[in-house]
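J.: Could you look at this predicted model? Sequence included:
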Amino acid sequence: MSEGISRRRLFGLGAASVAAVGAGAVVTRSFAEEPVAHAASSSDPVPFYGPHQAGVTTPAQDRLHFVAFDVITKKKAELVELLQEWTAAAARMTQGKDAGTFGAVGGAPEAPPDDTGEALGLPPSGLTLTIGFGPSLFDERFGLADRRPPALADLPAFPGEDLQPGISGGDICVQACAHDPQVAVHAIRNLARIGFGKVSVRYSQLGFGRTSSTSRAQATPRNLMGFKDGTNNLKLEDTAMLRDHLWAASGDGPAWMNGGTYLVTRKIRMHIETWDRAPLAEQEAIFGRDKGKGAPLTGHGEFDAPDFAKKGPDGTPVIADNAHVRLAHPDAHGGARLLRRGYNYVDGSDGLGRLDAGLFFMAYQRDPRKQFVPIQRMLSQKDALNEYIKHVSSGLFACPPGVVDGGDYWGRTLFA
Ligand SMILES: C=CC1=C(C)c2cc3[nH]c(cc4nc(cc5[nH]c(cc1n2)c(C)c5CCC(=O)O)C(CCC(=O)O)=C4C)c(C)c3C=C
Ligand SMILES: [Fe+2]
């Protein structure tokens, strides 16, 4: 397929008109000319280039395919070359094009295609690809130890967690989000294919049904416990708060992370069947919000501020001392906030008749030591929700700043 033809345009034009237009002459604008910050509709592309990576403040798409890779090459040059190849493929796929320049059906019949083909005919679907580097990448293998940001300090152990090493950690992660699951899966599959022999997939996670809003234009979705989730989240319109709580800035740590952010992932299994037998009043008390509108128990509307001081007729707090929103609220943590961007997951059932389901929690922040860690420490000790959940995997990644143009690549500021 020619450089400028999207999957959608190829099928829209038909083979005859593609031939008539000729390679490179199709009226698809170049990426750099796309000034829009976000997709206008769920099938449109999200710009790949910019000062920050897409997929963080981008209005959360409906679907997730998250992958963590182990780097298996020992050669730094091969790793850098892979990051450059991945960047080119990501720039293409996010704009609805095949992963490689020949594409699924345009290459030599004797060679394996440079795209796997399952997204042929599908629009870009708001695909974003966001990369992060885990603490283990900064060991002795690639000479990066002195470039490890202090904010990428290993997470401490938390009470009650049951982390499985095989689905935790990772040298490199890629978060693929899209409105079409096939588009997200296609993107990760092609990155894994390109990385053959240099990286191996450590684990991956599919998610459906976003569990947060990252824009005021989005309705708040529900998690698998049936509650609105993402009401009091950092949102892309909160420019000043994003500066303070999301993006790493000059003076925070190594300069290569300026404009980047840190991602914490936690796979949190829900004991769904037990939850489903809990009375409504108990469910609402656990979160401190009502199940219908998502309003705090002290208010009426979803976006009313909770009144943590308010007492009921019996003199006890209306929002209980162990309610999730009281313990996670910025007031309990010196103002610390997160940009939550998690997804529901159901990995079938567990062989014992129970759904293997929960929340693949993802949160972006400026410094996990000051944000995720203190919040999770308090939740792990006091949260009433703990009776119904179990953290089974954990990941921590430094997500570098955005790729600025076609001459740039994922991680250039780290490796240059
Ligand atoms: C350490 C951070 C957090 C973890 C882990 C976490 C798990 C978790 N949360 C829900 C459901 C809800 N969370 C809500 C609010 C909320 N949660 C966190 C942090 C963690 N949650 C924060 C910072 C907040 C915002 C608190 C506030 O400022 O009011 C809500 C309420 C609606 C909302 O504001 O989003 C729900 C519902 C589940 C099910 C879960 C683990 C499975
Ligand atoms: Fe929460």
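T.: Good, I have the coordinates. Ligands and ions are numbered 1, 2, ... in the order given.

J.: after the helix or strand containing Tyr203, next one along is what?
T.: Assigned by DSSP states H and E, Tyr203 belongs to strand 199-210. Sequence-wise, the next helix or strand downstream of strand 199-210 (DSSP H and E) is helix 239-245.

J.: hey, C-alpha coordinates of that following helix in CSV?
T.: Backbone C-alpha positions of helix 239-245 (Å, rounded to 0.1, in the frame of the first residue of the first chain) are rendered in CSV as follows:
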residue,chain,number,x,y,z
THR,A,239,-5.0,22.3,32.1
ALA,A,240,-3.5,23.8,35.3
MET,A,241,-4.1,20.5,37.2
LEU,A,242,-2.6,18.5,34.4
ARG,A,243,0.5,20.6,34.7
ASP,A,244,0.6,20.1,38.5
HIS,A,245,-0.4,16.4,38.8
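
J.: That one and ligand 1 in contact?
T.: No. Helix 239-245 is not in contact with ligand 1 by CB under 6 Å from any ligand atom; minimum separation 10.8 Å. Just so you know, the C-beta spots here come from the backbone N, C-alpha and C atoms, and that holds for glycine as well.

J.: Would you map the helices across the stretch 1-150 of the chain?
T.: Assignment of helices within the stretch 1-150 of the chain using DSSP state H, counting those that start in this stretch yields the ranges 7-21, 76-94.

J.: Would you mind checking the average pLDDT for the first one?
T.: Looking back up the chat, that one is helix 7-21. Helix 7-21 shows a mean pLDDT of 37.

J.: What of the longest one?
T.: Throughout helix 76-94, pLDDT has a mean value of 98.

J.: same for that helix, what does it pack against?
T.: Applying 3 or more CB pairs under 8 Å, 6 or more residues apart in numbering; DSSP states H and E, one finds that helix 76-94 contacts strand 128-133, helix 181-194, helix 412-415.

J.: where does the stretch 1-150 of the chain have low pLDDT?
T.: Along the stretch 1-150 of the chain, the parts satisfying pLDDT under 70 run over 1-38.

J.: what do you get if the cut-off is 80, keeping everything else the same?
T.: Scanning the stretch 1-150 of the chain for pLDDT under 80 picks out 1-41.

J.: what's the answer for the stretch 301-416 of the chain, then?
T.: For the stretch 301-416 of the chain, no range has pLDDT under 80.

J.: how about the helices in it?
T.: Using DSSP H, counting those that start in this stretch, helices in the stretch 301-416 of the chain cover 324-328, 372-382, 412-415.

J.: I'd like these as CSV, with mean neighbour count appended.
T.: Putting the helices of the stretch 301-416 of the chain into CSV (neighbours: other CB atoms under 10 Å) gives the following:
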stretch, mean neighbour count
helix 324-328, 21
helix 372-382, 18
helix 412-415, 19
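
J.: closest one to Val71 among these?
T.: Within the helices of the stretch 301-416 of the chain, the stretch nearest Val71 is helix 412-415; the backing value is 12.5 Å (CB to CB).

J.: So what's the residue count around Leu396?
T.: Under the neighbour criterion other CB atoms under 10 Å, Leu396 is assigned a count of 25.

J.: List the residues that contact it.
T.: Contacts for Leu396 (CB atoms under 8 Å, 6 or more residues apart in numbering) come out as Gly134, Pro135, Leu152, Asp154, Leu155, Tyr262, Leu263, Val264, Thr265, Pro368.

J.: again with Trp256
T.: Taking CB under 8 Å, 6+ apart as the test, what Trp256 contacts is Arg147, Pro400, Thr413, Leu414.

J.: For this protein, which residues are neighbours of ligand 1?
T.: Contacts of the chain with ligand 1, taken as CB under 6 Å from any ligand atom, map to 223, 225, 227-233, 266, 268, 270, 287, 289, 324-325, 328-330, 338, 358-359, 361, 372, 375-376, 379, 389.

J.: thinking again about what came up before, can you go through the contacts of Leu396 and name the buried ones?
T.: By neighbour count, with 16 or more other CB atoms under 10 Å, the contacts of Leu396 hold Gly134, Pro135, Leu152, Leu155, Tyr262, Leu263, Val264, Thr265, Pro368 as buried.

J.: among these, which are in strands?
T.: Using DSSP state E, the members of these that fall within strands are Tyr262, Leu263, Val264, Thr265.

J.: Wait, the second one touches Arg366, no?
T.: To tie it back to what came earlier, the one meant is Leu263. No. Leu263 is beyond contact range of Arg366, at 11.6 Å (criterion: CB atoms under 8 Å).

J.: so which of the ones in strands among the buried ones among the contacts of Leu396 comes closest to ligand 1?
T.: Val264 (7.8 Å; CB to the nearest ligand atom).

J.: Spell out which residues sit in contact with the closest residue to the closest one other than its chain neighbours, please.
T.: Sequence neighbours aside, Phe372 is the residue nearest to Val264 in space, at 4.5 Å (criterion: CB to CB, 6 or more residues apart in numbering). With contacts defined as CB under 8 Å, 6+ apart, the neighbours of Phe372 are Leu155, Val264, Leu338, Ala363, Gln365.

J.: hang on, isn't the second one packed against Pro368?
T.: Spelled out, that is Val264. Yes. Shown here, Val264 and Pro368 form a contact pair, counting by CB under 8 Å, at 5.5 Å.
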